[in-house]
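Engineer: Make a model of this:
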Amino acid sequence: MGRNGANHSIQTVSEYEPIGEDEERTPLLPQGVQTRGSSFMSSAFNLMNAIMGSGILGLSYAMANTGTVGFSILLLMVASLAAYSIHLLLLLCDKTGINSYEALGEKAFSRPGKILVACTILIQNIGAMSSYLFILKTELPAAIIGFMSTDSETSGKWFENGVTLLILVTVIIVLPLALLPKIGFLGYTSSLAFLFMLFFTVVVVVKKWSIPCPLPINSTLSLSLNTSECTAQLFVISSKSAYAVPTMAFSFLCHTAVLPIYCELHRPTKKRMQRVTNVSIFLSFVVYLFSALFGYLTFYSHVGSELLLAYNTYLPRDILVMSVRLAILLAVLLTVPLIHFPARKAVLMLCRGEREFSWLSHILSCFFILTLVLLLAIFVPDIRNVFGVVGSTTSTCLLFVYPGMFFLRISSEPIRSFNSIGAVFLLVIGLIVGVLSLSVIIVSWVQGP
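Structural biologist: The predicted model follows:
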């Protein structure tokens with residue numbers, strides 16, 4: 001079966017010519033597939049768009065609960081481990097000729113491995129998309145009202161209803177982009193989304209000096225908080241720290257999109273795709289660090305789990321803040337179709353296996369996923385819950401556990417080799433982080449606020 005649109009076929013080693021151990025070349029594709037694909041920059045923008053999304057709004061909250069130094073160390077570790085785990089995935093693809101995450105699971109653990117990976121990808125991407133649409137639901141009405149004249153009567157208007165706006169933008173913008181058959185088509189929208197994220201970071205840096213510290217308890221009162229709360233903490237450990245690493249894992253997870261992007265890369269080689277990965281993760285790391293740092297230095301311990309809400313409170317009519325709010329909403333909106341791609345691919349693999357591509361199945365799976373994501377976005381009470389639960393379960397599995405586990409299972413390298421030791425480290429780190437974080441989050445829910 002050809003590599004047609006989202007329904008990438010699961011190829012086995014027997015369908016490819018053998019690749020030498022030390023040979024660096026284009027991975028062989030099924031017969032009839034065109035080798036011309038997405039450019040380096042288009043692929044990099046697609047991967048950055050897959051990395052950067054709603055997670056950027058929760059990182060200042062993560063810094064407030066880990067400290068500036070603690071956060072920086074953790075962020076660097078997660079970014080480095082994300083790049084290394086992608087290296088292991090690409091290495092396996094290069095050695096075996098397999099071109100999908102689900103197929104690696106099947107190669108390692110037969111059909112149960114394939115089903116496990118597909119279900120994990122589906123849950124992860126549904127969680128990610130629901131968090132993006134949750135932000136649209138909460139922020140879009142305020143963004144529209146903010147640009148309207150204060151003299152006009154807006155109470156009770158239809159655009160004040162976040163659910164109504166969410167359904168409209170999903171049908172008008174997200175659905176047509178999600179129906180596109182190939183991920184490479186989204187390169188142009190991905191470049192716009194990254195520029196919007198960059199604009200957000202610049203505004204966060206600039207507005208650090210526009211909001212005084214100590215913060216007023218109420219924007220309409222002169223009463224202020226204690227000046228001792230205007231000191232940045234280097235290290236912080238509390239029950240809320242359990243949300244930090246899962247949020248970072250959630251923010252750097254792009255592994256479900258890596259292999260589809262790799263398949264559509266022009267002149268695809270492991271070395272070339274690794275460069276795409278390194279550039280994307282490095283730029284995302286820089287943007288994440290600056291936005292988290294200056295967001296935290298603006299609000300300190302009073303930063304919320306969704307950074308934009310704090311600016312809405314203290315700078316409600318600021319033109320620059322309103323513009324960056326709109327930019328973030330557009331960036332999040334343009335990211336949803338990209339995250340939808342691997343989710344739809346997982347559904348098709350679970351339901352249709354290796355059957356030929358069908359437009360009917362393509363459209364039905366698209367509608368099913370978007371309907372489910374809409375329902376979650378409408379009824380989820382707090383975005384922190386999405387970051388915490390999804391980050392500590394599916395994100396840690398896809399980012400740490402599965403790459404390490406698959407490499408140890410599939411690779412013929414000795415256990416004492418560098419890559420095998422790295423795979424064991426990824427596996428152990430992922431299990432520890434996931435179990436501890438999820439346990440603390442569940443305990444915090446049971447205990448209440």
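
Engineer: Over to S437: give its phi and psi.
Structural biologist: Backbone geometry at S437, expressed as degrees, to the nearest 10, gives phi -60, psi -50.

Engineer: was I right about it contacting S392?
Structural biologist: Yes. Applying Cβ atoms under 8 Å as the test, S437 and S392 come out as touching, 3.9 Å apart. All C-beta atoms are positioned from the backbone trio N, CA, C, and that covers glycine.

Engineer: Could you check which of those two is surrounded by more residues?
Structural biologist: S392 (27 against 24; other Cβ atoms under 10 Å).

Engineer: okay, that one: pLDDT?
Structural biologist: Note on S392: pLDDT of 73.

Engineer: same deal with G404?
Structural biologist: 92.

Engineer: Quick check: neighbours shared by S437 and S392?
Structural biologist: Residues touching both S437 and S392 (Cβ atoms under 8 Å, 6 or more residues apart in numbering) are A242, V245, P246.

Engineer: Okay, and which of those map to helices?
Structural biologist: The members of the shared contacts of S437 and S392 that map onto helices under DSSP state H are V245, P246.

Engineer: what residues are up against L90?
Structural biologist: Counting by Cβ under 8 Å, 6+ apart, L90 makes contact with V258, Y262, K270, M273, Q274, T277.

Engineer: quick one: it and Y84, what's the gap?
Structural biologist: 11 Å (Cβ to Cβ, to the nearest Å).

Engineer: Please apply the same query to L74.
Structural biologist: For L74, the distance to Y84 equals 16 Å [Cβ to Cβ].

Engineer: do T201 as well
Structural biologist: Taking Cβ to Cβ, one finds T201 at 25 Å from Y84.

Engineer: Who has more neighbours out of the two?
Structural biologist: Legend: neighbour count by other Cβ under 10 Å for T201 and Y84, higher for T201 (21 against 18).

Engineer: Do a quick rundown of the helices in the stretch 1-150 of the chain.
Structural biologist: For the stretch 1-150 of the chain, applying DSSP state H, counting those that start in this stretch gives helices covering 40-51, 59-64, 68-96, 101-147.

Engineer: So which elements touch the longest one?
Structural biologist: When you say that, I think you mean helix 101-147. Applying 3 or more Cβ pairs under 8 Å, 6 or more residues apart in numbering; DSSP states H and E, we find helix 101-147 packed against helix 68-96, helix 162-169, helix 255-264, helix 307-314, helix 319-352, helix 359-379, helix 383-390, helix 402-410.

Engineer: Residues contacting the next helix or strand after the second one, please?
Structural biologist: Which is helix 162-169. Counting by DSSP states H and E, the next helix or strand C-terminal to helix 162-169 is helix 175-178. For helix 175-178, the surrounding residues in contact (Cβ under 8 Å, 6+ apart) are L186, T189, L334, V336, P337, H340, F341, R344, C366, L370.

Engineer: where in this protein is pLDDT low?
Structural biologist: Applying pLDDT under 70 to the chain picks out residues 1-37, 53-54, 149-156, 183-189, 214-229, 381-388, 391, 448-449.

Engineer: most neighbours, which of the shared contacts of S437 and S392?
Structural biologist: Among the shared contacts of S437 and S392, P246 has the most neighbours (other Cβ under 10 Å), with 28 neighbours.

Engineer: just how off-centre is stretch 284-295 within its chain?
Structural biologist: Stretch 284-295 has its C-alpha centroid displaced from the chain centroid by 15 Å (Cα atoms, centre = their mean, to the nearest Å).

Engineer: what's it in contact with?
Structural biologist: The contact list for stretch 284-295 (Cβ under 8 Å, 6+ apart) reads 48, 51-52, 55-56, 59-60, 62-63, 68, 71-72, 75-76, 79, 197-198, 200-201, 204-205, 208, 251-252, 303, 307, 310.

Engineer: Great, nothing more from me.
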